[in-house]
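In: A predicted structure for the sequence below; I have some questions about it.
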Amino acid sequence: MPEGGLTPRKYFVLFCVMVLGACGDVMLSRGMKQFGSISLDNWTLIFSALLSPWVITGIVLLIGFMSSYLTALSWADLTYVLPATSMGYIVTAGLAKLFLHETVTPKRWIGILLITMGVGFVAGGPSLTVPERRLCEPAEDKR
């Protein structure tokens, strides 16, 4: 378990990682669809895209995602945080279907569920590895 176990605040941080990441990705996708395909021939469209309210909102949400993610990593191992937030894949697919009207075939849903379940198996271990010796502590002299 993370330091002090999983408190409601820590559950909230993991929830924010999952939801803010999914919502941010959907907003970015929505905003970028306005500009069509961007390539080396028209790369300057990226600057116009940065003025889109959809893209700006997506960036703000992804900053929230990153802040939550960093917070979670401050009290738990990466191998715990990533599986604990794997439900974000399902949320992202659901939001893409609902708001972007993307086609999510049964084959894709099965793939998303398999990935989520596979990542979830990793979450069965401890959430915080106890280091044998911290880097900031001097090593014992074994003379």
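Out: Arrived safely. Keep in mind it's a predicted model, so treat the numbers as computed, not measured.
In: Check which helix or strand the residue nearest the centre of the chain maps to.
Out: The chain has Gly21 as the residue nearest its centroid, 4.8 Å off, counting by CA atoms, centre = their mean. Using DSSP states H and E, the element containing Gly21 is helix 8-32.
In: Next secondary structure element downstream of that helix?
Out: helix 45-49.
In: Name the nearest residue to the residue nearest to the centre of the chain, ignoring sequence neighbours.
Out: Nearest non-adjacent residue to Gly21, counting by CB to CB, 6 or more residues apart in numbering: Phe65, 4.2 Å away. The way it works is simple: take the backbone N, C-alpha and C, and place the C-beta from them, glycine included.
In: Verify the stated contact: that neighbour with Phe15.
Out: No. Look at Phe65 against Phe15 with CB atoms under 8 Å: they stay out of range, at 11.4 Å.
In: When the two are compared, which one has more neighbours?
Out: Phe65 (22 against 15; other CB atoms under 10 Å).
In: ok, now which ones touch the more buried one?
Out: 16-17, 20-21, 24 (CB atoms under 8 Å, 6 or more residues apart in numbering).
In: lowest confidence element among the helices and strands of the protein?
Out: For the chain, the helix or strand with the lowest mean confidence is helix 78-84, at a mean of 82 (criterion: mean pLDDT, DSSP states H and E).
In: coming back round to it: the residue nearest to Gly21: which element?
Out: Going by DSSP H and E, Phe65 is in helix 53-75.
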